[in-house]
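**Q** Coordinates only, no sequence provided:
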């Protein structure tokens, strides 16, 4: 039975008030955190592989993907600011089925992703400093992320993430410039074309890069920032657009590196995060050790930003979810940053996954992770359509035609990607 209090609209407030009062440099915050958290080592490999196989042919897919992420994250933020409620409170108003899906998903996702994130951030460190084995570096990265999020307030996390974004952006854009990109060839990539045999890569590049559960965490970071009323709407939209534009340029830079360094020379890289170590060797051979080291530093920054961001954002989501299940009032201390539900999930993300760093991953768990994970992005797109076109959102802040069109495209694209990912997961397990 739906909670009728979730459907009561809030009074309209002038959204331009805060935009005029806040200094422009202060506007960048939660958007940068969510964008940086969503782009990790796996996304870098996917982009490099697309560039190494098809050159600049899929440049248009990078731009399309950036636009889709801007719309998705803006929708999550707009709902939170306009309604004064969290995204999970919105999902709950759509029916209990959202809890039946989200609860198992966030627990399984955290267990598997915790090991993945720690391992990704450890790979470049193990290559740079082979004094410790990979698993030891991974555990160290997890512990550092744990301490930062456990002890630090949101402002600390935002500053650390901004520093990581600065490093990864400068390194990757610098690499793209060094490779002397073929500008006329790049421009041909703006024409939407799907290369032969490249349907999956096209869909993955447009829909997968920078897209995770952390997109839905945006509203929680807005609240931690202090942006929690409709008067912050314009600020949020600018923050989100700038952040994902930076992310789009970063992904474009990776595509350039893939096209110029790998595609032009006929190199191929390994699947998974270790493919980035292959690129390190290619860069060292072509440009010297300094460039190779700089790339590994950028690789580490991209990976570790995901550790800090996920440890913070998804813990906030779990705390809100569990608080709702326990019927705690909205904003109860147990459901906020530093509360006991937040700390439980932070522990869950850090310590149990360390077992997966030392053991083979259990087949059944990976199967569930792949299947539930494949469903999350269509779940987000479809539920945003439900939340932002009904009385759950005040009329002034409901979707326009363009936003609805993009969300429908997102839903269809992510359903196709989800079906493929589920099939790929099942095939890998049983083969």
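**A** Noted; the coordinates are in hand. What you see is a predicted model, and the numbers here were worked out from it, not measured in a lab. Numbering: from 1, shown residues only.

**Q** pull the longest helix from this structure.
**A** If you go by DSSP state H, the chain has its longest helix at helix 289-325.

**Q** what is the mean pLDDT for that one?
**A** Helix 289-325 comes out with an average pLDDT of 94.

**Q** just use 57 as the starting number from now, easier for me
**A** Taking 57 as the first residue, the last one we looked at is helix 345-381.

**Q** quick one: buried residues of it?
**A** 347-380 (16 or more other Cβ atoms under 10 Å). Using the backbone N, CA and C atoms, a C-beta is placed for each residue, glycine as well.

**Q** and residue 86, how many neighbours?
**A** 27 (other Cβ atoms under 10 Å).

**Q** helix, strand or coil for residue 141?
**A** Three-state call for residue 141 (DSSP: H, G, I helix; E, B strand; the rest coil): coil.

**Q** How many neighbouring residues does it have?
**A** Other residues lying near residue 141 total 23 when counted by other Cβ under 10 Å.

**Q** quick one: pLDDT of it?
**A** For residue 141, pLDDT reads 93.

**Q** Ok, residue 225 next?
**A** pLDDT, residue 225: 91.

**Q** what's the answer for residue 338, then?
**A** 89.

**Q** That one: what secondary structure?
**A** Recorded secondary structure, residue 338: helix (three-state DSSP).

**Q** residue contacts, the closest residue to it other than its chain neighbours?
**A** Distances taken as Cβ to Cβ, 6 or more residues apart in numbering place residue 323 nearest to residue 338, at 5.6 Å, with adjacent residues excluded. Residues near residue 323 by Cβ atoms under 8 Å, 6 or more residues apart in numbering: 108, 317, 334, 338.

**Q** In strands only, show me those.
**A** When DSSP state E is applied, the contacts of residue 323 are split such that none fall in strands.

**Q** which of those residues lies closest to residue 171?
**A** residue 334 (21.9 Å; Cβ to Cβ).

**Q** Now the closest residue to the closest one other than its chain neighbours: phi and psi?
**A** Spatial nearest neighbour of residue 334, chain neighbours left out: residue 325 (4.1 Å); criterion: Cβ to Cβ, 6+ apart. Backbone torsions of residue 325, given as degrees, to the nearest 10, read phi -110, psi 160.

**Q** Enumerate every residue touching residue 325.
**A** By Cβ under 8 Å, 6+ apart, the contact set of residue 325 is 101, 104, 105, 108, 318, 331, 332, 334, 335.

**Q** Ok, residue 392 next?
**A** Listed by Cβ under 8 Å, 6+ apart, the contact partners of residue 392 are 372, 375, 398.

**Q** Tell me if I'm right that the second one and residue 402 touch.
**A** No: because the distance of 9.3 Å does not satisfy Cβ atoms under 8 Å, residue 375 is recorded as not touching residue 402.

**Q** distance of the nearest residue to residue 378 once chain neighbours are set aside from residue 384?
**A** Nearest residue to residue 378, sequence neighbours excluded (Cβ to Cβ, 6+ apart): residue 397, at 4.6 Å. Distance of residue 397 to residue 384, computed by Cβ to Cβ, to the nearest Å: 9 Å.

**Q** These two: which is more packed in?
**A** The residue with more neighbours, out of residue 397 and residue 384, is residue 397; 23 against 17, by other Cβ under 10 Å.

**Q** sorry, back to before: what's the closest of the contacts of residue 325 to residue 260?
**A** Nearest to residue 260 among the contacts of residue 325, counting by Cβ to Cβ, is residue 105 at 9.2 Å.

**Q** Could you pull up the residues touching that closest one?
**A** 257, 314, 325, 327, 331.

**Q** quick revisit: tell me which of the contacts of residue 325 fall in helices.
**A** Checked against DSSP H, the contacts of residue 325 include these in helices: 101, 104, 105, 108, 331, 332, 334, 335.

**Q** and the spatially closest residue to the first one that is not a sequence neighbour, how many neighbours?
**A** Same thing as residue 101. Nearest residue to residue 101 in three dimensions, chain neighbours excluded: residue 331, at 4.6 Å (Cβ to Cβ, 6+ apart). Around residue 331 there are 21 other residues, counting by other Cβ under 10 Å.

**Q** quick one, what contacts residue 331?
**A** Residues in contact with residue 331, defined by Cβ under 8 Å, 6+ apart, are 101, 104, 105, 325.

**Q** and what of residue 308?
**A** Counting by Cβ under 8 Å, 6+ apart, residue 308 touches 115, 118, 232.
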